[in-house]
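Visitor: with the sequence up front, the predicted model follows.
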Amino acid sequence: MIRGGKPLFFKDRATANYENSIIALAAAHKPAHPIEGPVGIKLTLVLSRPQALCRKKDPRGLILAPKRPDWDNLVKGLQDQLSKLGFWRDDGQITDAKVEKRYAEIDGAARIEIEIWEPAHVPELTDTLL
């Protein structure tokens with residue numbers, strides 16, 4: 001929809017609920033001051049395990065989750081909400097990232113595990129990378 005010559009974007013209810021949950025849970029861990037320099041982040045996205053993977057023969061712990069939702073769609077909303085909360089000034093500061101998408105343990109809960117750090121230095125590029 002366009003109003004006043006500018007596009008308007010709407011979030012569906014599930015996206016709004018996801019973002020509100022992030023804010024509610026992460027607010028308690030908000031740092032006193034945003035990180036100013038480069039940021040490293042590791043995210044483990046633990047999804048509810050489908051009933052079909054809860055048989056006795058299935059592994060009990062975390063298992064790979066190769067189905068929807070796409071990890072990058074989940075991460076973008078998460079990064080935006082952490083930026084709004086003041087973990088860092090802008091998600092463009094993220095220089096190092098690792099994302100894992102898994103199904104929960106049998107009888108385990110869905111959750112997001114987050115590790116944030118300030119990278120100490122940038123490794124030098126060598127010819128082995130070329």
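Guide: Everything's here; your move. Predicted model only: the values in this text are computed from it and were never measured. Numbers count the residues shown, from 1 in each chain.

Visitor: and R60, how far from R102?
Guide: Using C-beta to C-beta, to the nearest Å, R60 is found at 13 Å from R102. For glycine as for every other residue, the C-beta is placed from the backbone atoms N, C-alpha and C.

Visitor: buried stuff in stretch 32-41?
Guide: Neighbour-count burial for stretch 32-41 flags 34-35, 38-41 (criterion: 16 or more other C-beta atoms under 10 Å).

Visitor: quick revisit: higher neighbour count, R60 and R102?
Guide: R102 (17 against 11; other C-beta atoms under 10 Å).

Visitor: give me the element the residue nearest to A97 when sequence neighbours are not counted is part of.
Guide: Leaving aside its sequence neighbours, A97 sits nearest to I41 (C-beta to C-beta, 6 or more residues apart in numbering; 5.2 Å). Using DSSP states H and E, the element containing I41 is strand 39-47.

Visitor: right, and the helix or strand after that strand?
Guide: strand 63-64.

Visitor: for that next one, which strands pair with it and how are they oriented?
Guide: Applying DSSP bridges, strand 63-64 is found paired with strand 94-103 (antiparallel).

Visitor: now the element after the strand it pairs with, going C-ward?
Guide: Counting by DSSP H and E, what follows strand 94-103 is strand 111-117.

Visitor: tell me what that next one is packed against?
Guide: strand 39-47, helix 71-85 (3 or more C-beta pairs under 8 Å, 6 or more residues apart in numbering; DSSP states H and E).

Visitor: low-confidence ranges in this structure?
Guide: Scanning the chain for pLDDT under 70 picks out the ranges 1, 8-10, 121-130.

Visitor: if we can go back for a sec, in CSV, list the buried residues of stretch 32-41 along with distance to G92.
Guide: As requested, the buried residues of stretch 32-41 are arranged in CSV below (distance: C-beta to C-beta, whole Å):
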residue, distance to G92
P34, 13
I35, 12
P38, 10
V39, 9
G40, 14
I41, 13
